[in-house]
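*Asks:* Generate a structure from the sequence data that follows.
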Amino acid sequence: MARKVRIEYAGAFYHVINRGNYRSWIFEPAGARVSFLECLSMCCRAMGWRLHSWCLMSNHYHLLIETPEPNLVEGMKWLQSTFANRFNRFRKAHGHVFQGRYQAILLDADAVGPVAHYIHLNPVRAGLVDVADLQKYEASSFSQLWHMKKRWSFSDFECCLDAAGGLADTPRGRRLYRDYLGWLCSDDSEQTRMGFEEMCRGWAKGSVEFKKSILKDHAEESFKRVVESEAKGMREPFWESLVKKNLKHLGKTPKDLISDKKGALWKVALARYLREQHLVPNGWLSENLSMGTPNSLSSQISRHRKQTHQAETPWRILVNQENVD
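*Replies:* Okay, the predicted model is just below:
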């Protein structure tokens with residue numbers, strides 16, 4: 001049976017869910033949670049995603065993502081495969097880490113708030129923490145909402161606060177939001193009205209009109225090709241501009257890419273930087289940085305990462321220039 005095509009468009013909201021293979025407890029070790037969140041952070045920054053809520057449970061995750069560009073598939077492919085590789089490498093294992101394809105449920109604007117509440121209440125509903133201490137459950141965006149210093153630059157809590165009665169992002173507003181979640185957790189009728197039991201089912205959550213409009217757009221055979229063309233057209237010029245800008249930071253020119261050896265330290269540092277910070281594919285990097293095959297490039301980046309060349313000039317220049325640009 002052919003896989004269903006993911007529906008992607010600029011400005012889409014998704015409730016993304018996946019479980020460990022055979023419901024295994026992949027997030028039970030603290031190191032696995034840290035590694036996944038590192039990958040998630042890198043992915044959101046590179047893809048330009050806004051993260052409205054998230055939660056890691058022992059054997060699954062929930063993400064509420066907004067994609068300003070139509071790039072959910074590209075980002076999720078990188079996120080899951082990168083985390084799976086790190087997870088297997090750490091455990092010296094092979095095979096699938098996740099049970100299969102992730103679910104990506106499309107949301108209309110009115111559904112975003114209730115889904116955020118549902119995600120924040122996951123550990124409470126599972127009996128892992130009392131709602132009064134929800135901020136202590138660190139594997140959740142509620143902890144970041146509560147502790148402002150922990151927040152990522154791409155986190156966005158306006159939707160959940162607004163959906164709880166137009167609350168302000170202040171200490172008082174955050175306490176009121178926790179109180180609201182406590183009330184919601186004890187009110188079965190309100191949970192039913194919001195559709196808590198259906199949060200992880202179906203392909204879309206929202207009004208009939210919203211679903212009809214999505215289906216109408218997606219029914220056209222050209223829809224997927226247009227999205228793919230737009231995404232590719234936006235990415236490659238951006239990658240080219242990144243190479244040009246960072247060559248200047250390194251004091252190099254496009255001619256140096258051709259004349260210098262494939263494994264030159266500055267080229268490996270540049271490739272790693274573009275790969276980790278912007279998720280530029282190995283195939284594109286190997287061709288445009290004149291670094292041999294994608295597999296060879298991947299090995300060089302891996303060795304560079306393990307050796308931790310933090311003090312070496314090329315890597316230091318590339319990392320520090322982010323604070324200057």
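*Asks:* Let's see the helix or strand harbouring Arg175 as PDB, backbone CA atoms only.
*Replies:* Using DSSP states H and E, the element containing Arg175 is helix 171-186. Only the C-alpha atoms of helix 171-186 are listed here, as PDB (Å, rounded to 0.1, in the frame of the first residue of the first chain):
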ATOM      1  CA  PRO A 171       4.400  35.300  36.700                       C
ATOM      2  CA  ARG A 172       0.700  35.900  37.600                       C
ATOM      3  CA  GLY A 173      -0.400  34.800  34.100                       C
ATOM      4  CA  ARG A 174       1.700  31.600  34.300                       C
ATOM      5  CA  ARG A 175       0.200  30.700  37.700                       C
ATOM      6  CA  LEU A 176      -3.300  31.300  36.400                       C
ATOM      7  CA  TYR A 177      -2.500  29.100  33.400                       C
ATOM      8  CA  ARG A 178      -1.400  26.300  35.800                       C
ATOM      9  CA  ASP A 179      -4.600  26.800  37.700                       C
ATOM     10  CA  TYR A 180      -6.500  26.600  34.500                       C
ATOM     11  CA  LEU A 181      -4.800  23.300  33.600                       C
ATOM     12  CA  GLY A 182      -5.700  22.000  37.100                       C
ATOM     13  CA  TRP A 183      -9.400  22.900  36.500                       C
ATOM     14  CA  LEU A 184      -9.300  21.400  33.000                       C
ATOM     15  CA  CYS A 185      -7.700  18.100  34.200                       C
ATOM     16  CA  SER A 186     -10.600  17.700  36.700                       C
END
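*Asks:* So what's the residue count around the nearest residue to Arg272 once chain neighbours are set aside?
*Replies:* In space, Arg272 comes closest to Ile301 once its chain neighbours are excluded; the distance is 4.6 Å by C-beta to C-beta, 6 or more residues apart in numbering. Quick note: C-beta positions are derived from backbone N, CA and C, even for glycine. Other residues lying near Ile301 total 21 when counted by other C-beta atoms under 10 Å.
*Asks:* Would you check that Ile301 makes contact with Val268?
*Replies:* Yes. Counting by C-beta atoms under 8 Å, Ile301 does reach Val268; the two are 6.6 Å apart.
*Asks:* count of residues packed around Leu37?
*Replies:* Quick note: Leu37 (other C-beta under 10 Å) scores 18 neighbours.
*Asks:* Many thanks, we can stop here.
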